[in-house]
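Trainee: When you get a sec, could you give me coordinates for this:
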Amino acid sequence: MKPRLYLFLALGAASILVPCSHAQDPETYELPPINYSQTKPHDVITRLQTRLGSGQLKLNGTDREVVQSLLRALHIPLTSQMLVFSKTSFQKDIIGPAHPRALYYTDNCYVGWVPSGLVEIAAIDPKLGPVFYSFDPRGLNEKNPAEFSRENDCMRCHGGNFVRGIPAVFARSLYADKDGKPILREGS
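Mentor: The predicted structure follows:
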């Protein structure tokens, strides 16, 4: 059976900065004047977190309702949706042809969501470029509000392996097997 070609937009996330190329040498974006990991972002998620903190905006309901409210708050149209079933995210264990990741986007923000999984966000900051976040949309309420965690581990791919010297978002086509695992030896 010949593998099929599928598109994915990598929006991986985890929680620990792990430089890709040289463990001892910091990436260029980690040095002055950028200081990527240490610089406070000024992006749409920072502003959204302020609205959530003040009670002006609430994210609650089912996972799907939370994601829909988030997209409305970020002015991201539902019609931008793209479904990805290649296992190219840190949530690869729950992504596959029968359970794809939904991606939504505008020019300044990308949101990925896997039902029964986390929400992944790449928000474009004017100085830092993409800043990566995640949060769990399950069980949010007044006592358990949304908390966006900055995910620097995403830089393993978004600042190291596939792009050099700068943080970036990217799309690429690749071959995947019937379970959604990338077949990297076939190229991309």
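Trainee: Let me see the ranges of the helices in the protein.
Mentor: Applying DSSP state H to the chain gives helices spanning 44-54, 63-73, 155-156.
Trainee: For the first one, list the C-alpha coordinates in CSV.
Mentor: The C-alpha coordinates for helix 44-54 follow below in CSV (Å, rounded to 0.1, in the frame of the first residue of the first chain):
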residue,chain,number,x,y,z
VAL,A,44,-3.2,38.2,22.0
ILE,A,45,-3.0,35.5,24.7
THR,A,46,-1.4,38.0,27.2
ARG,A,47,-4.4,40.3,26.5
LEU,A,48,-6.9,37.4,26.7
GLN,A,49,-5.4,36.3,30.1
THR,A,50,-6.0,39.8,31.4
ARG,A,51,-9.6,39.7,30.3
LEU,A,52,-10.0,36.2,32.0
GLY,A,53,-8.4,37.5,35.2
SER,A,54,-10.7,40.4,35.5
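Trainee: List the buried residues in it.
Mentor: For helix 44-54, burial by neighbour count (16 or more other C-beta atoms under 10 Å) applies to 44-46, 48-49, 52. For glycine as for every other residue, the C-beta is placed from the backbone atoms N, C-alpha and C.
Trainee: Among those, find me the one that's closest to Lys143.
Mentor: Distance to Lys143, by C-beta to C-beta, is smallest for Leu52 among the buried residues of helix 44-54, at 13.7 Å.
Trainee: And the pLDDT for the closest one?
Mentor: With respect to pLDDT, Leu52 scores 91.
Trainee: now swap in the one 3 residues further on and tell me
Mentor: Looking at Gly55, its pLDDT reads 87.
Trainee: Next, count neighbours for it.
Mentor: A count of nearby residues for Gly55, using other C-beta atoms under 10 Å, gives 9.
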